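In: No letters, just coordinates:
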DNA sequence: TCGCACATGTAACGCGTTACATGATTAC
DNA sequence: GTAATCATGTAACGCGTTACATGTGCGA
């Protein structure tokens, strides 16, 4: 009925890189797939539970130090098969809900200075983001050069950088 | 607790252009703000009801032809004030969930041909989109040149075009 | 007369966020 | 000793999609 849940694929994908705990996955998604994918911990832990039940992942090792264990999850053959099945399907259109652009679109209803502030904030944010992306790129190039994932990581990172630069280009022209 | 609803602002904004029916708003959002904002009719009609209750909009005229009326809504002073209040607030970060990029990121798990297909589909889609955007731009330039909204419409449309072109540029380089 | 665009709505479902709860470990 | 980070989870809430229901007007 509603949209199919994609959290599971973000998790299964992460586990193709190496086994991770829920916390690791959370950070991985935030720090690595951040430019194009987000998840909240309120989704990750329940999703892990479901994936366990479906035997798409297994709890590799409970590194119990004290009462609260650190659960490390590992992909199963079933899990990899499901991920592959999803990967080959055409991607759905991204649902766009860009608040900044909506505000700019109806900008005639506020003073021009307000719009300039919006644009200035965006410029600052994009400049910071671009620097971050470029440092991630350097990091991948120097630390993961021979990893088979690296090719695809750089592909998506290039995409993010292109869009970042496009936004900055647009902002340059936007003063007119 | 959860995210504040932004559907109302998309509707209030649309009504700053001219009075519209629910159906008009639906089409307007799909066809005009489509590049950066989406709403489903399952949100629009309930939202209109709420906005009426809060006296942020009024039902201007019930153009009853037959049993099913065509209700035309109009912004009130209260509605415009609320919209303005929202417009001046800094925009929240866009929540990114780009399915295509997620699939590409974990591309090592499928055959390279699959990835090439994803990229080819994206190229085709972006080319079509770019043509559409450019024709919308021509339309605005020729039909709405002197409208005070047009400046802001072109601003956001330029943005969409820049990103479209950035995506195509990236796709060109992606074959390597 | 058939299909499409116009037109308004409702209900089920579940996704996802936010906030909260709890506790361990490390570094200063 | 205390703050930050590591670490795992739950519950409330409501947003948003999807599918459904219903009916009108017009053009081929």
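Out: Arrived safely. Computed from a predicted model, the values in this text were never measured in an experiment.

In: for the lowest-mean-pLDDT helix or strand in chain A, the distance to its chain's centre please.
Out: Across the helices and strands of chain A, mean pLDDT, DSSP states H and E gives its lowest value to strand A:57-62, namely a mean of 83. Centroid separation for strand A:57-62 versus its chain: 24 Å, with C-alpha atoms, centre = their mean, to the nearest Å.

In: Tell me if that strand is near DNA strand D.
Out: No - applying C-beta under 7 Å from any atom of the strand, one finds strand A:57-62 out of contact with DNA strand D, separated by at least 8.6 Å. Every residue, glycine included, has its C-beta placed from N, CA and C.

In: same thing with stretch A:96-103?
Out: Yes - with C-beta under 7 Å from any atom of the strand as the criterion, DNA strand D is reached by stretch A:96-103 at residue A:97.

In: Strands of chain A, residue ranges please.
Out: A:20-21, A:57-62, A:71-75 (DSSP state E).

In: could those be laid out in JSON lines, adding distance to residue B:48?
Out: Output for the strands of chain A, formatted as JSON lines (distance: least, C-beta to C-beta, whole Å):
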{"stretch": "strand A:20-21", "distance to residue B:48": "45"}
{"stretch": "strand A:57-62", "distance to residue B:48": "44"}
{"stretch": "strand A:71-75", "distance to residue B:48": "45"}
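
In: tell me the pLDDT at the residue of chain A found nearest DNA strand C?
Out: Across chain A, no residue is closer to DNA strand C than residue A:42, which sits at 2.2 Å (C-beta to the nearest atom of the strand). Looking at residue A:42, its pLDDT is 93.

In: can you check residue A:174 too?
Out: 86.

In: Which residue, other than its chain neighbours, is closest to it?
Out: Here the nearest residue to residue A:174 in space, its sequence neighbours aside, is residue A:119; by C-beta to C-beta, 6 or more residues apart in numbering or on different chains that works out to 5.6 Å.

In: Now do the domain split for chain A, please.
Out: According to automatic domain parsing, chain A comprises the domains A:3-88, A:99-173.

In: Mind putting these into JSON lines with distance to residue B:23?
Out: JSON lines is the format used below for these (distance: least, C-beta to C-beta, whole Å):
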{"stretch": "domain A:3-88", "distance to residue B:23": "24"}
{"stretch": "domain A:99-173", "distance to residue B:23": "20"}
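
In: which one of the ones you listed has the lowest average pLDDT?
Out: Among the domains of chain A, domain A:3-88 scores lowest, at a mean of 90.

In: Let me know whether it sits next to chain B.
Out: Yes - for domain A:3-88 and chain B, the contact criterion (C-beta under 8 Å from any C-beta of the partner chain) is met by A:6, A:9-10, A:13, A:16, A:33-38, A:80, A:83-84, A:86-88.

In: from the residues you listed, which would you call buried?
Out: A:9-10, A:13, A:33-38, A:80, A:83-84, A:86-87 (16 or more other C-beta atoms under 10 Å in any protein chain shown).

In: Just these: which are in helices?
Out: Secondary structure assignment by DSSP state H places A:9-10, A:13, A:80, A:83-84, A:86-87 of those in helices.
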